[in-house]
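>>> With the sequence up front, the predicted model follows.
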Amino acid sequence: MDAHREGSPDHLTINITRREDPVSEVTEADASASVRRYPNIVVRGPLFGLAEQRRGDRPRWRLLGELDCGFPQMARDELNSLLWFRARDDTGDPVVRRSLLDAVARLEVEATDEVSADGVRYRVVRADEFARIGDGRLEPPRATDPDEDSWDPDAPDPCRTEGFVVDHAAAVGLTEGIDRAGLLGLSYTAARFPEDVRADSRRALTTHPGVVLLPTTFRVVERKEATWSMVTGQYSTPQGARRALVHHLTRPVPRLPDLPDMPELPAWMKVDEKEAALDARAAKEFASRRRPDELVVRGRRFEVIRVERVMRIGPDGPEGSRPSDVDDYGPSRIHPLMDEEGNIAYGT
């Protein structure tokens, strides 16, 4: 697959290498078995985040945090804040600060996916989230996935995406290389996607023909008759998702006082004490086990699943948002004005 490496551009090169250490061999065997057991994929949709490319990094890009924004403007707002705080806290050079603030000013009025400041390129990047499926079941965590055992609700969930280097030509193991080759032609084809979404997806196969797999994340979903609904956000470890499920089942619901003129609460806001007690008991039993991945309570089935994200790569790096990616709102000013000396005009 990399026989023509010298004449092949990075975004078209999948460089497969064999790693001889025992950990890699076990991981490869686990991945190969999982792909056979869960041979198909279910695409949920896009996520957005941020990447930067510094002078010495070209052609590679580095991710600046989790890709967990549901639409592009959320990521643009994150970039707005990132640059504003860098201007306030990370430099004393008026020229550098002015460069950062000029990028902020552009983000306040323009729905752009890329700005440059102080010689650094910043980009809103896009990835598709998917899960593997086999015999009607979504793939659970693998034995070789990074994990831990703490049930402490305040235990940190370390971010493995922040700092990830997007390098299409970096050496990968055999299973990941085969996976990536199989994802090269991935596009939205289901009728549930509007035609403009499907058209943009087909176009991306040409404009961004390469693919990179990002670090795996984990979620809790609720299994319905023929579908799944998300219960939690994404976590870097299966245990982080398990803790989130316990919190989901036991978190306190504020009780409102009975007032004579207060309208009746909608059904979804009412607390059934018997159901709450059953949920709490089930959560306690769930937390007494080591690394459980399923919980059934009151006829509801919760599953911890393994979620993957694939990013499309073109000649100039990671794909940004597509015309058909929907925003709920547009750009706006988020922070007060600042001048190149660092003076902030509050209230303006």
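Perfect, thanks for sending it.
>>> hey, let's count contacts and neighbours off CA atoms from now on
OK.
>>> Just the buried positions in stretch 72-81, please.
Buried positions in stretch 72-81, judged by neighbour count with 16 or more other C-alpha atoms under 10 Å: 72, 73, 74, 75, 76, 77, 78, 79, 80, 81.
>>> of the residues you listed, closest to residue 335?
residue 81 (7.5 Å; C-alpha to C-alpha).
>>> so which helix or strand takes in the closest one?
helix 72-89 (DSSP states H and E).
>>> residues near residue 152, how many?
Counted by other C-alpha atoms under 10 Å, the residues lying close to residue 152 total 9.
>>> thinking again about what came up before, what packs against the helix holding residue 81?
Here helix 72-89 touches strand 40-53, helix 94-109, strand 120-134, going by 3 or more C-alpha pairs under 8 Å, 6 or more residues apart in numbering; DSSP states H and E.
>>> out of the ones you listed, nearest to residue 283?
Of these, nearest to residue 283 by C-alpha to C-alpha is strand 120-134, at 24.9 Å.
>>> quick one: average pLDDT of the closest one?
What strand 120-134 shows for mean pLDDT is 97.
>>> one step back: same list (the helices and strands packed on helix 72-89) but as JSON lines, adding mean neighbour count and distance to residue 297.
Below are the helices and strands packed on helix 72-89 laid out as JSON lines (neighbours: other C-alpha atoms under 10 Å; distance: least, C-alpha to C-alpha, whole Å):
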{"stretch": "strand 40-53", "mean neighbour count": "19", "distance to residue 297": "25"}
{"stretch": "helix 94-109", "mean neighbour count": "19", "distance to residue 297": "46"}
{"stretch": "strand 120-134", "mean neighbour count": "21", "distance to residue 297": "23"}
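>>> count of neighbours near residue 187?
Residue 187: 18 surrounding residues under other C-alpha under 10 Å.
>>> Compute the number of surrounding residues for the closest residue to it other than its chain neighbours.
Leaving aside its sequence neighbours, residue 187 sits nearest to residue 201 (C-alpha to C-alpha, 6 or more residues apart in numbering; 5.3 Å). Counted with other C-alpha under 10 Å, residues neighbouring residue 201 total 18.
>>> Please shift the residue numbers so they start at 505 in all later answers.
Right, with 505 as the first residue, what we last looked at is residue 705.
>>> quick one: contacts of the host helix or strand of residue 705?
Taking DSSP H and E as the definition, residue 705 sits inside helix 699-711. Here helix 699-711 makes contact (C-alpha atoms under 8 Å, 6 or more residues apart in numbering) with 688, 689, 690, 691, 692, 693, 816, 818, 826, 827, 828, 829.
>>> residue contacts, the first one?
Just to be clear, that refers to residue 688. Neighbouring residues of residue 688 by C-alpha under 8 Å, 6+ apart: 709, 713, 714, 715.
>>> can you check the fifth one too?
With contact taken as C-alpha under 8 Å, 6+ apart, residue 692 is in contact with 701, 702, 705, 706.
>>> Now do it against residue 749, distance only.
30 Å (C-alpha to C-alpha, to the nearest Å).
>>> cool, the fourth one as well?
Between residue 691 and residue 749 the distance is 32 Å, computed by C-alpha to C-alpha.
>>> Equivalent analysis for the third one, please.
The gap separating residue 690 from residue 749 is 31 Å, by C-alpha to C-alpha.
>>> quick one: which of these two has more around it?
Neighbour comparison, residue 690 and residue 749: the larger count goes to residue 749, with 24 against 19 (by other C-alpha under 10 Å).
>>> State the helix or strand in which the more buried one lies.
Secondary structure from DSSP H and E places residue 749 in helix 742-754.
>>> For that helix, buried residues please.
Across helix 742-754, burial judged by 16+ other C-alpha under 10 Å covers 742, 743, 744, 745, 746, 747, 748, 749, 750, 753, 754.
>>> Would you mind pulling up the elements that the next helix or strand after it packs against?
Sequence-wise, the next helix or strand beyond helix 742-754 is helix 777-791, with elements assigned using DSSP H and E. With contacts defined as 3+ C-alpha pairs under 8 Å, 6+ apart, helix 777-791 has these neighbours: helix 742-754, strand 798-801.
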